[in-house]
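S.K.: Mind looking at a prediction? Sequence and model below.
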Amino acid sequence: MKRRVMLYLALLRKSCFFRKCNNLFATVDALDFSKISIPMRKAWTCTGDSQRELVENMFQANLVKSPLVKEIMRSVDRAHYIPESSKSSFDFNPYQDSPIPIGSGQTISAPHMHAYALEEILGGLLQLIATDKISLDETSRSISILDVGCGSGYLTGCLGRMIEKKENGLSLLGPIGKVYGIDFLSTLVELSKSNLSVKDSDLLESETILLSVGDGWKGLPSKAPFHAIHVGAAADEFPTNLMMQLVVGGIMICPMGPNGGSQGLFRIRRIKNKHSNFHQSDFEITKLLDVRYVPLVH
């Protein structure tokens with residue numbers, strides 16, 4: 001188990017880029033993005049005719065980097081997470097590398113953004129496992145992930161496949177766990193459930209995935225702390241309540257910036273827990289790339 005974890009860490013370190021943000025409360029516009037942005041030169045060009053082809057195209061473009069993420073994304077078919085209203089379009093292709101509307105002013109993100117988030121979360125979890133901050137005890141669900149803005153349910157399903165219990169009693173990572181998906185609209189929570197029920201219902205039946213209505217800004221304190229948090233909409237300021245729900249060493253992947261303005265995708269890592277209330281020195285922030293997301297609703 002340790003050997004497999006260290007192998008993935010070695011691969012991930014080649015692509016990981018760390019830089020501390022000197023002031024947590026600096027506005028997004030004040031940050032020097034030109035020095036820390038990572039271009040995704042082949043994003044938007046990976047459209048395929050099937051889930052397998054889509055994922056293979058992203059793998060060849062180095063957007064999917066790890067065999068684990070490749071396996072996970074192959075196993076969750078995007079076509080099952082697109083609403084019927086979008087399927088009626090004459091040029092509809094569920095495997096296009098672009099966002100697709102899912103109703104209520106929300107979208108299912110482009111596949112390359114799901115791949116990027118999964119790679120980051122995988123790297124964070126593997127680091128926690130390698131440093132013994134996640135138990136390898138196969139008798140307990142030791143990994144806990146929060147997906148804020150579950151929307152279509154696609155990324156929630158991928159996260160579930162990452163940490164679900166396999167026949168050998170372990171997950172793809174080793175430790176098994178739970179994914180908590182929340183959305184502020186009950187209609188979107190029901191959409192997630194409906195979509196997951198098509199071909200990934202086992203994740204709901206096994207309670208690997210648990211869905212509920214919730215305020216994305218408040219998170220899910222009753223189930224905290226989390227080893228990883230994904231936020232699927234852009235926060236216009238640092239979501240401190242969510243940040244406080246991370247374990248030490250845990251990461252949050254979150255887009256930030258004003259609606260319609262300059263936005264970036266950030267990795268927020270909790271590096272210590274010296275203060276009972278939020279304190280900027282307990283976190284390390286890295287801007288990963290420029291993005292455009294719908295806003296995280298207050």
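M.R.: Sure thing, it's come through.

S.K.: separation between residue 128 and residue 64?
M.R.: Applying Cβ to Cβ, to the nearest Å, the value for residue 128 to residue 64 is 22 Å. Any C-beta I mention is one placed from the backbone N, CA and C, and that applies to glycine too.

S.K.: So for those two, which sits in the more crowded spot?
M.R.: Counted by other Cβ atoms under 10 Å, residue 128 and residue 64 do not tie: residue 64 has more neighbours, with 28 against 23.

S.K.: The more buried one: helix or strand, and which one exactly?
M.R.: Residue 64 is part of no helix or strand when elements are defined by DSSP states H and E.

S.K.: residue boundaries of the helices in this protein?
M.R.: For the chain, helices defined by DSSP state H occupy the ranges 2-15, 51-60, 67-75, 84-87, 111-130, 154-163, 186-199, 201-205, 240-243.

S.K.: out of the ones you listed, nearest to residue 257?
M.R.: helix 111-130 (14.7 Å; Cβ to Cβ).

S.K.: Worst mean pLDDT among the helices of the chain?
M.R.: Mean pLDDT per stretch puts helix 2-15 lowest among these, at a mean of 47.

S.K.: is it true that residue 212 touches residue 185?
M.R.: No - with contact defined as Cβ atoms under 8 Å, residue 212 and residue 185 do not form a contacting pair (11.9 Å).

S.K.: who are the neighbours of the lengthiest strand in the chain, in terms of helices and strands?
M.R.: Criterion DSSP state E: the longest strand present in the chain is strand 246-256. Where contact means 3 or more Cβ pairs under 8 Å, 6 or more residues apart in numbering; DSSP states H and E, strand 246-256 is packed against helix 111-130, strand 226-231, helix 240-243, strand 263-270.

S.K.: CA atoms of the last one as CSV?
M.R.: Listed in CSV are the C-alpha atoms of strand 263-270, where the atom choice follows Å, rounded to 0.1, in the frame of the first residue of the first chain:
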residue,chain,number,x,y,z
GLN,A,263,-11.7,34.3,-11.3
GLY,A,264,-9.1,31.8,-10.3
LEU,A,265,-9.1,28.2,-9.1
PHE,A,266,-7.5,27.9,-5.7
ARG,A,267,-6.0,25.1,-3.6
ILE,A,268,-6.4,25.9,0.1
ARG,A,269,-4.5,23.7,2.4
ARG,A,270,-4.8,23.7,6.2
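
S.K.: Give me the average confidence score over it.
M.R.: Strand 263-270 carries an average pLDDT of 97.

S.K.: and that strand with strand 226-231, angle?
M.R.: Angle of strand 263-270 versus strand 226-231, following axes from the mean of the first three to the mean of the last three Cα atoms, to 10 degrees, is 170 degrees.

S.K.: OK, contacts around the closest residue in space to residue 99 that isn't next to it in sequence?
M.R.: Using Cβ to Cβ, 6 or more residues apart in numbering and skipping residues adjacent in sequence, the residue nearest residue 99 is residue 107, 4.1 Å away. The neighbours of residue 107, taking Cβ atoms under 8 Å, 6 or more residues apart in numbering as the test, are 99, 100, 101, 151, 294.

S.K.: for residue 107, which residues make a bridge with it?
M.R.: For residue 107, the beta-bridge partners are residue 101 (DSSP bridges).
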